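K.L.:
model the structure of this input:
(one chain, ligands or ions: 1)
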Amino acid sequence: MPGARGRTGVLRTPHGEIRTPAFIPVGTKATVKAVLPETMKEIGGQALLANAYHLYLQPGSDIVDEAGGLSTFMNWPGPTFTDSGGFQVMSLGVGFKKVLSMESVGVRNDDVIAKGKERLAKVDDDGVTFKSHLDGSKHRFTPEISMQIQHRLGADIIFAFDELTTLLNTREYQESSLQRTHEWAVRCVAEHERLTAERTHRPYQALFGVIQGAQYEDLRRQACRGLESIVGPGGSGFDGYGIGGALEKQNLGTIVGWCSDELPDHKPRHLLGISEPDDLFTAVANGADTFDCVNPSRVARNAAIYTPDGRFNINVSRFRRDFTPIDDKCDCYTCAHYTRAYIHHLFKAKEMLASTLCTIHNERFTIRLVDQIRDSIDGGYFDELERETLARFY
Ligand SMILES: [Zn+2]
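P.N.:
Okay, here's the model as predicted:
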């Protein structure tokens, strides 16, 4: 039955609670681009996710540590996540996205790279060597280094360092990669324990293991069981799990479902990198609790707007004299105070406020949708909400 694995809950962190399912907006470099943290709070953001790779390169995790950790540094009093940097490091230059369409999946090849791109990262059994996208300087991440960086950044929820594969890798490569990710996970737990014991002046950080295994059921299930069995020298294990890796849109629910079957019910499950309305329903229905995605803000800066009737582009000329809000039913600040004509004008004039107003609206749209999904599970009308929402949106 669809929705059978859907669940609600509360995630408790040193910086506050997250009611799940929850959408976690992305502030890659410790800022949701163009929007104040206070505004993110007002639109219902419960937590923010920043990126360890970007903050390591700039300003440097030592500086965030000296500032008192990510939350203090960026003036966001609520819970924070950092991802391990693995995805950014390993997808550097190759030009692949997390959710792939069928058309982009062709021949199996272990050195896949998008046309016109140059690979900037090299994986070995101990870690990854990569070149900075900022200045080409050479760097190395290992599981231990990723843990040290994420402890200095100080987010409430951090992720184990994993190897990212694509759907184009061969089955043999997926198997060896999964083994490597498992060994890295063991090292992450041990280093996390060591750092937690050493840094008693900082609040506890929860460590999530990352499940890879691409589109293979046996590998995904094996990855879940493997991560669950890891116990560090001090007796601790993972506090939760992230479902990682590239996914074909049509397999998203199936893959999340396999993981939910295997993982313990009392630990949270984060799905990395989704925000499209149909993906959100599918993920929740199959047992995911939290999701992050950069898309609502990224597309907003390119004038793409989410509404209950679908996505449209505010840049086109038919909005020049449209003096209505983006969505007259929306409760966001942008829709309460501004017209489509004005926002259209801001984009045409290349004014910064255009990005701010559209990001506020798109983030509010996504957060509200997941809040509605949460209410629908408690109220027992998940299937109806899914049917109505998706029929209108698509
Ligand atoms: Zn709005």
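K.L.:
from now on I want contacts and neighbour counts done on CA atoms only, so please keep to that.
P.N.:
Fine.
K.L.:
the stretch 151-300 of the chain: strands as residue ranges?
P.N.:
Assigned by DSSP state E, counting those that start in this stretch, the strands in the stretch 151-300 of the chain fall at 157-159, 206-211, 240-243, 247-248, 269-272, 290-293.
K.L.:
same for the third one, what does it pack against?
P.N.:
The elements that strand 240-243 packs onto, with contact taken as 3 or more C-alpha pairs under 8 Å, 6 or more residues apart in numbering; DSSP states H and E, are strand 206-211, strand 269-272.
K.L.:
partners of the first one in the sheet?
P.N.:
Within its sheet, strand 206-211 is paired with strand 157-159 (parallel), strand 240-243 (parallel), according to DSSP bridges.
K.L.:
can you add mean pLDDT and give those back as a markdown table?
P.N.:
Output for these, formatted as a markdown table (pLDDT from 0 to 100):
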| stretch | mean pLDDT |
| --- | --- |
| strand 157-159 | 98 |
| strand 240-243 | 97 |
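K.L.:
of all those, which one is nearest the ion?
P.N.:
Smallest distance to the ion across those (C-alpha to the ion): 29.2 Å, for strand 157-159.
K.L.:
how about the residues of the protein by the ion?
P.N.:
Residues of the chain found near the ion (C-alpha under 5 Å from the ion) are 330, 332, 335, 361.
K.L.:
doesn't the last one belong to a helix?
P.N.:
Yes. Secondary structure assignment places residue 361 in a helix (DSSP: H, G, I helix; E, B strand; the rest coil).
K.L.:
surely it is in contact with residue 338?
P.N.:
No. Contact between residue 361 and residue 338 fails when scored by C-alpha atoms under 8 Å: they sit 10.9 Å apart.
K.L.:
which one of these two has more residues nearby?
P.N.:
More crowded of residue 361 and residue 338, by other C-alpha atoms under 10 Å: residue 361, with 27 against 15.
K.L.:
list the contacts for the more buried one?
P.N.:
Shown in contact with residue 361 (C-alpha atoms under 8 Å, 6 or more residues apart in numbering): 305, 306, 332, 333, 334, 335.
K.L.:
got the strands paired with strand 206-211 as JSON lines, with mean neighbour count and distance to residue 35 columns?
P.N.:
Putting the strands paired with strand 206-211 into JSON lines (neighbours: other C-alpha atoms under 10 Å; distance: least, C-alpha to C-alpha, whole Å) gives the following:
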{"stretch": "strand 157-159", "mean neighbour count": "25", "distance to residue 35": "22"}
{"stretch": "strand 240-243", "mean neighbour count": "24", "distance to residue 35": "27"}
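K.L.:
circling back to that earlier point, nearest approach to residue 70 belongs to which of the strands of the stretch 151-300 of the chain?
P.N.:
The closest of those to residue 70 is strand 157-159. By C-alpha to C-alpha, the value is 11.4 Å.
K.L.:
contacts for that closest one, please.
P.N.:
Contact with strand 157-159 is made by 80-84, 150, 205-210, 242, as judged by C-alpha under 8 Å, 6+ apart.
K.L.:
repeat that with 7 Å
P.N.:
Strand 157-159 is contacted by residues 80, 81, 82, 83, 84, 150, 205, 206, 207, 208, 209, 210 when judged by C-alpha atoms under 7 Å, 6 or more residues apart in numbering.
K.L.:
what do you get for stretch 223-237?
P.N.:
182, 186, 189, 190, 193, 209, 211, 212, 213, 259, 262, 263.
K.L.:
tell me the buried residues within these.
P.N.:
182, 186, 189, 190, 193, 209, 211, 212, 213, 259, 263 (16 or more other C-alpha atoms under 10 Å).
K.L.:
and the helices in the stretch 151-300 of the chain?
P.N.:
With helices called from DSSP state H, counting those that start in this stretch, the stretch 151-300 of the chain shows them at 171-198, 217-228, 252-262, 277-285, 295-300.
K.L.:
which one of the contacts of stretch 223-237 is nearest to residue 168?
P.N.:
residue 213 (12.3 Å).
K.L.:
ok, now which ones touch the closest one?
P.N.:
Residues counted as contacts of residue 213 (C-alpha under 7 Å, 6+ apart) are 174, 178, 219, 220, 223.
K.L.:
lowest-pLDDT helix or strand in this structure?
P.N.:
For the chain, the helix or strand with the lowest mean confidence is strand 99-100, at a mean of 51 (criterion: mean pLDDT, DSSP states H and E).
K.L.:
got the buried residues for the helix or strand following it?
P.N.:
From strand 99-100 onward toward the C-terminus, using DSSP states H and E, the following helix or strand is strand 121-123. For strand 121-123, a neighbour-count test (16+ other C-alpha under 10 Å) marks 121, 123 as buried.
K.L.:
can you tell me the strand partners of strand 121-123 and which way each runs?
P.N.:
strand 128-131 (antiparallel).
K.L.:
what about the nearest residue to residue 382 once chain neighbours are set aside, how many residues close to it?
P.N.:
Nearest residue to residue 382, sequence neighbours excluded (C-alpha to C-alpha, 6 or more residues apart in numbering): residue 376, at 4.7 Å. Neighbour count of residue 376, defined by other C-alpha under 10 Å: 18.
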